[in-house]
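Colleague: Give the three-dimensional model of this entry:
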Amino acid sequence: MTVYFIGAGPGAPDLITVRGQRLIARAPVCLYAGSLVPAELLADCPPGATLIDTAELTLAEIVAAMVAAHAAGQDVARLCSGDPALFSAVAEQTRRLDEAGVPYEIVPGVPAFAAAAAVLRRELTVPAVGQTVILTRARARSTPMPPGEELATLGQGGATLVLHLAIGRITELVDELVPRYGADCPVAVVAHASRPQEVVLRGTLADIADQVRRAGIRRTAVIVVGRVLTASEFPDSYLYSADRVRQAPQDRADSAR
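Modeller: Numbers count the residues shown, from 1 in each chain. Okay, here's the model as predicted:
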């Protein structure tokens, strides 16, 4: 018996890996967050599967369901929104499964920030503009940020910021980021990325908070801050440059010496 933590993707039911879909199709127990995981994925569960919506359950209740499935010799598909590597609460679940002696595997999925970038039709790493992406969140009704991970600190280098679980504090975020990025810094907000109700806002730190309020966006949104969002004048990547092609024969000659 194994618990499979499966990245269910950002919302569209077809944005799931083949591996994840196959595991769902054969697991007799499926745990999912009804408010985040697309219901269409549950149609892949085998007939008679036990479906458990974890949206209103405590961590202890979720782990108890997994342990009970283990005792019954049943595999579990534990669906996580986006990718289990980011803001999925997998760490505290696996810690308890280790204590209980329950085996598990993690199956990656399409993260929300990747879906947002695709919707925006932008690469988040642009040559000579931005080569670093910081994935973080903002403190609200959640655990505090570790020392040194405040936005004012993270923004010191001007790297592209991708903020999860932060849309409810958009005004405070702007106040923290303007001193580091400037009021004219491009910002994009993607709510419900890849879903039918998807909303995309584009602006700057000067106007994005007003846009969010007018659109009524309160949850399930990714905020992207950085010059890469509007960059148009930048050098081609060295990997595909003509200079590299011309230099390659000389490099081979040098390596043969």
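Colleague: pLDDT score for the nearest residue to E40 once chain neighbours are set aside?
Modeller: Using CB to CB, 6 or more residues apart in numbering and skipping residues adjacent in sequence, the residue nearest E40 is P13, 3.7 Å away. C-beta here means a position set from N, CA and C on the backbone, and glycine is covered the same way. pLDDT recorded at P13 is 93.
Colleague: where does P13 fall, phi/psi-wise?
Modeller: Backbone torsions of P13, given as degrees, to the nearest 10, read phi -60, psi -20.
Colleague: If I follow the layout properly, it ends up in contact with L41?
Modeller: Yes: with contacts defined as CB atoms under 8 Å, P13 counts as touching L41 at a distance of 5.4 Å.
Colleague: More neighbours: which of the two?
Modeller: L41 (21 against 18; other CB atoms under 10 Å).
Colleague: Correct me if wrong, but the more buried one is in a helix.
Modeller: Yes: counting by DSSP: H, G, I helix; E, B strand; the rest coil, L41 is found in a helix.
Colleague: how near is it to R22?
Modeller: 12 Å (CB to CB, to the nearest Å).
Colleague: again, but for A221
Modeller: In terms of CB to CB, A221 sits 31 Å off from R22.
Colleague: For this structure, which residues score under the pLDDT cut-off?
Modeller: Within the chain, the stretches with pLDDT under 70 are 139-142, 244-257.
Colleague: domain parsing for it?
Modeller: Here the domain assignment for the chain is 3-107, 112-229, based on automatic domain parsing.
Colleague: Which residues lie in contact with L163 in this structure?
Modeller: T136, R137, A138, L173, V222, I223, V224, V225 (CB atoms under 8 Å, 6 or more residues apart in numbering).
Colleague: For it, pull up the helix or strand it's in.
Modeller: strand 160-164 (DSSP states H and E).
Colleague: Heading C-terminal from that strand, find the next helix or strand.
Modeller: Taking DSSP H and E, what comes next after strand 160-164 is helix 170-181.
Colleague: after that next one, next one along is what?
Modeller: strand 186-191.
Colleague: So what touches that following strand?
Modeller: In contact with strand 186-191 (CB under 8 Å, 6+ apart) are residues 115-116, 119-120, 122, 167, 170, 197-205, 208, 211-212, 215, 217, 219-227, 229-230.
Colleague: if you set the cut-off to 7 Å instead, what comes out?
Modeller: 116, 119-120, 167, 198-205, 208, 212, 217, 220-227, 229-230 (CB atoms under 7 Å, 6 or more residues apart in numbering).
Colleague: filter those residues to the buried ones?
Modeller: The neighbour count (16 or more other CB atoms under 10 Å) marks 116, 119-120, 167, 198-199, 201-205, 208, 212, 217, 220-227, 229 as buried among the contacts of strand 186-191.
Colleague: what separates L79 from E40, distance-wise?
Modeller: 12 Å.
Colleague: And these two? Which one has more around it.
Modeller: A count of neighbours by other CB under 10 Å puts L79 above the other of L79 and E40, at 28 against 11.
Colleague: so who does the more buried one touch?
Modeller: I6, A8, C30, L31, Y32, V37, L41.
Colleague: go on, V107?
Modeller: Per CB under 7 Å, 6+ apart, neighbours of V107: Y4, F5, I6, G7, T17, R19, G20, L23.
Colleague: quick one: secondary structure of the nearest residue to it once chain neighbours are set aside?
Modeller: Nearest non-adjacent residue to V107, counting by CB to CB, 6+ apart: I6, 4.6 Å away. Assigned with three-state DSSP, I6 falls in the strand class.
Colleague: what about I6, neighbour count?
Modeller: Neighbour number of I6 under other CB under 10 Å is 31.
Colleague: Would you map the helices across the protein?
Modeller: Here the chain has its helices, by DSSP state H, at 18-26, 59-71, 90-100, 112-120, 151-154, 170-181, 208-215, 242-256.
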